[in-house]
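Peer 1: Just a sequence and a predicted model for now, questions to come.
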Amino acid sequence: MAVGERRASRVFLYLFVAMILVVTLFPFYWIINMSLQNNIELYDVPPHFYPPQPTLDNFRSVLFEERGLMKFYEAVFNTLSVAGITMVVCVMLGSITGYALARLNFKWGIYFLFALIGTQMIPPLIDLIPLYIIFSRWLKIIDTKMALVLGYTGWLLPISVWILYGYFQTIPKDLESAARIDGCTRMQALFRVVMPLSAPGIAATAIFVFISSTNEFLFAMIFSSTRRSKTVPVALSDMIGKYSIRYGDMTAGAVIAALFPVVLALIFQKYLVKSLTAGGIKG
Amino acid sequence: MKKTFALLLVLLLCSAVFTFAGGGSEKAAEAETITVLMGIDAAGKHMGERAQEFTAETGIKVNMVEVEWDTMVNKQAVALTAGEPTFDIVDCGSFMLPEYVPGGMYEDISDLFPPDVKATYMEGMIDSVTVDGKVYAAPLMASWTIMFYNSQMFEEAGLDPDKPPTTWDELVKYGKAIQSGETYAYTDSMAHGEQNSCVFFRWAKSAGAQIGEFRGSKYYWMLDSDECVAAVEFLKKMMDEGTMDPGAPIYFQQQVADLFGKGHAAMLNNWDMMTIAFRDPEQTPYAGKIFPAAMPGARPGLSGSIEGHEYMAVPSASLHKEAAKKFIKYVSSVENVKRRALEQGMTPVYKELFEDPEVQAALPLDVIFAAAENCYYRPAVPEYAECAEVISTELQNVLVNNKDARRAMEDANDRCNELSGW
Amino acid sequence: MGDLSSRYSSKSIKSGIIAPTVMDKQRFSLTGKLEKNEGLFAFLLILPALLLVMGLYVYPICYSFVVSFFRSDIRYPGVVFRGLGNYIDIFKRPDLLISFWRTIYFTVVSIALEMVAGIAIAVAFNKRFVGRPIARSIVLIPWAIPPVVNGIIWNWLVHPKIGVLNYGLTSLGIIDRYKPWLADPKWALNIIIVADAWKWTPLVVLLILAGLQSIPDDLYEAAKIDGAGSVKTFFRITLPVIQWPILVTLLLRTVEAIRIFDIIFIMTRGGPANRTKLTTYYVWELAFKFHRLGFGSALAYLITLLIVVFAVLYYKSINKQVEY
């Protein structure tokens, strides 16, 4: 490529990235904008593009006032712990399951895969009542974080397996064979060779499971009731009163709620880089 | 990578221990615990305190679950259909009775309402939750819709701030004086759903329509009557002429009160308990200038309203029915009802409280009673929810799809009667 | 990180002593049996997942499937077997059938938007540029915002009076009066599509980006040397390798799009005049609001059928794994 062409394509790249960031951030900037205004300014016409009298009142009220007999930070804690544990379980179980299906040859593997994903094709709405019976009558864990972790894992595990199955398939078999020839057991080969190479896939799965758990609403709405297990999405929806919506609290809560997954993504995204071993056999 | 992973794992294990350790201790309760499911707005700010007072008095612990209304309805539906004893008391409206009573899911609590007790309640409050002579729910608060108007905006438009419109024609006349740019005379919550059907019922009533009647145990709808069609046509006319905010078909109940309070419209129909909210300077810059009034009718002497009383019911799957009934009695004591009236503007359910001077000062009782006289009672039949949905759809068809009002009402009527078994 | 083979050899030096022991163990222990028997090892690996998922789902799926053949309505107690009655009734209701078409429209349009935008962004974010880590994290924000808030914000943005959209359009002179967008039957569903696509594109970006990491730089180098332009490189090299992530993402999003409920509930409750009432919303309404559980379940299984059809179509049209 000629130098001029390369520069043009760089410019184009930066413009594209900038445009994407603007589109991505605009609604979020609006949320932040709203969270810093007071109740009355919010309704001015034309709308304010920046808060005329910025106030942290909304943040203070959402964090420290009780609403629905709990404080918002309790919901944040619930969500983070549930999401975190679900993430670890899904990544661990998902990896070993995905690996088994990708590497080890057994005919019924593909049927198992389809069965797994098949459970997800049914709208969860109609499963609610039998699930409620399972959780309430048989397991007796209604309104606990354990119930949420269990439910979310059941929901997200099949997808994690599918994602990881795909990534494991892209790792050349030769690397593993080399490892085993050198005396590694299967488990060692799995943990020392395959996993590090699939870091991008694992990171992606981890982020996916975490964020999906923090966002989930239907299951949390039905299965959590009190501060013991109420999650952020449900707590935010409680700000919708029958007669008015507390926009200030809700947007402040949303800003807080959005921060955690983003921070997590910042941590994990360094694994979303090419592993240098792709093609390393030849080197 | 290993180190980060190990660190994360340790962090997660710690939080897992934290998480699950915390949950277990709830089970070691020697005292009886009842779980109460209530909508946040019905509970108000002080229900938690009442619960604590109750515990102090009786030793029965109360696990309050306060969530927003739709969530409450969903949770109740799932728990009761699954037959689980999760909740000992649930929040409900009278129209929910026909959904749960046939299956025996609400407990008969007639013993809480012997005739002398029943007589202390407002007319009709206990009757609307009586099925086959048995009472299935206890009144928590009464509620009707009334109109509110912004007297400051009236003054600024040159209208008399003490004389809100009483007929449709006056409403339009006032509208023409107030309308300007993006300010409208009237706004309403006509988003698709139950609130929209309520709007229809109110306006049909204020047109003098009968809407429907019970024939035996089935309800016969009369939605295609001239009055009903007139009401729908008037709504459309208001929207076209700009008297009513054209955004009304997407406003939910929650949003419309806010918009009104901030001065985007001069008149609004809403629940009576909003009287208190409209006096709060943090909610509205027009605090103290917003007054309640009766909804205008097609002709002088007509008005329209809807009731939204909230009740407490005891699911039959509950394992703590006696304790639940004690709580209901506590919360329904005259003293507590009076507190709710004064602190939160919730219309009391006892006749004697209407004579109480403090209550009279806090609430616009004359307007509320006028509304009660002209109120439409939503029929307590199992298919009510589906009929309401049909009505809302057809009303929206008229407003946004330009469907002819008469045809829309006829279609609605046919479908509703079909659902009702005619 | 150095070259893998060399890193690996150092480990084998350490484990050189272990090797003979492993060989001995093979004959006598479970781990030994595992080494020999691939099938058993595989089975043990998938056992936890199998137990968890099946344990949680077998009962609910059987329950709801059986219920779909009955009239199950708490308002009318009594068990009434209806056979295929519920299913047939669905076809007698024009509003339900229309909702299927609208659901398909919604699915196709929003997924097309998400996939095209997502792949483009992933490819762009795969190249090196200043501030890339921050950009990658920022782009995930829409997805991280809880759906309730997403719906409310978009409601706010397109609000007839205080919405930025109206303000912007009137300032630019495109429209002269504020317009209640969500009340317009033509626009309501499309706005929901935009809101949904905004929220989910980051997921596509994430999965495709991870998939792009498995393309070795050598391939790109080789292509450049051979004189391939960037477009050709994309279609010949990039696209085939990310087939599996694309399939997964496509399937994931299709399943979610066909089952969409939250955002419709928050933004329009199915209005105006049922225009945005997609099929899964009807399932909720029928099963929970109207308590017609049997009928709702039947509808849900028809939705499942639709999803399966899409899934099979996707799977057939994407070639199997590229082995290299």
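Peer 2: Yep, that arrived.

Peer 1: In contact with B:Gln360, which residues are there?
Peer 2: By Cβ atoms under 8 Å, 6 or more residues apart in numbering or on different chains, B:Gln360 lies in contact with B:Phe354. Yep, even glycine has a C-beta here, placed from its N, CA and C like the rest.

Peer 1: State whether it is indeed within a strand.
Peer 2: No: assessed by DSSP: H, G, I helix; E, B strand; the rest coil, B:Gln360 does not belong to a strand; its assignment is helix.

Peer 1: what about it, distance to chain A?
Peer 2: The spacing between B:Gln360 and chain A, counted by Cβ to the nearest Cβ, to the nearest Å, is 23 Å.

Peer 1: which sections of the stretch 1-150 of chain A are below the confidence cut-off?
Peer 2: The model of the stretch 1-150 of chain A has pLDDT under 70 over residues A:1-5, A:68, A:105-106.

Peer 1: got the residue ranges for the strands in it?
Peer 2: For the stretch 1-150 of chain A, no strands are identified by DSSP state E, counting those that start in this stretch.

Peer 1: closest point of the stretch 301-422 of chain B to chain A, which residue?
Peer 2: Nearest residue of the stretch 301-422 of chain B to chain A, counting by Cβ to the nearest Cβ: B:Gly308, 9.1 Å away.

Peer 1: ok, now which ones touch the residue of chain C found nearest chain B?
Peer 2: Distances between chain C and chain B by Cβ to the nearest Cβ are smallest at C:Gly271, namely 2.8 Å. Counting by Cβ under 8 Å, 6+ apart, C:Gly271 touches B:Ala191, B:His192, B:Gly193, B:Pro249, B:Ile250, B:Gln396, C:Leu182, C:Ala183, C:Ala188, C:Lys277.

Peer 1: go on, B:Pro285?
Peer 2: Here B:Pro285 is in contact with A:Ile40, B:Lys262, B:Gly263 (criterion: Cβ under 8 Å, 6+ apart).

Peer 1: swap the cut-off to 10 Å and go again
Peer 2: The contact partners of B:Pro285, by Cβ atoms under 10 Å, 6 or more residues apart in numbering or on different chains, come to A:Asn39, A:Ile40, A:Tyr43, B:Gln152, B:Gly261, B:Lys262, B:Gly263.

Peer 1: Also A:Tyr29?
Peer 2: By Cβ under 10 Å, 6+ apart, the contact set of A:Tyr29 is A:Val22, A:Phe49, A:Tyr50.

Peer 1: returning to what we had before: buried subset of the contacts of B:Pro285 as a ChimeraX selection?
Peer 2: Applying 16 or more other Cβ atoms under 10 Å in any protein chain shown to the contacts of B:Pro285 leaves a buried subset, and the ChimeraX line that selects it is:
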select /A:39,43 /B:152,261,262,263
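
Peer 1: Pick the one among the contacts of B:Pro285 closest to chain C.
Peer 2: Nearest to chain C, judged by Cβ to the nearest Cβ, of the contacts of B:Pro285 is A:Tyr43 at 5.9 Å.

Peer 1: give me the number of residues near A:Phe49?
Peer 2: For A:Phe49, the count of nearby residues is 11 (other Cβ atoms under 10 Å in any protein chain shown).

Peer 1: what's near enough to touch it?
Peer 2: Contacts for A:Phe49 (Cβ under 10 Å, 6+ apart) come out as A:Tyr29, A:Trp30, A:Asn33, C:Val164, C:Tyr167.
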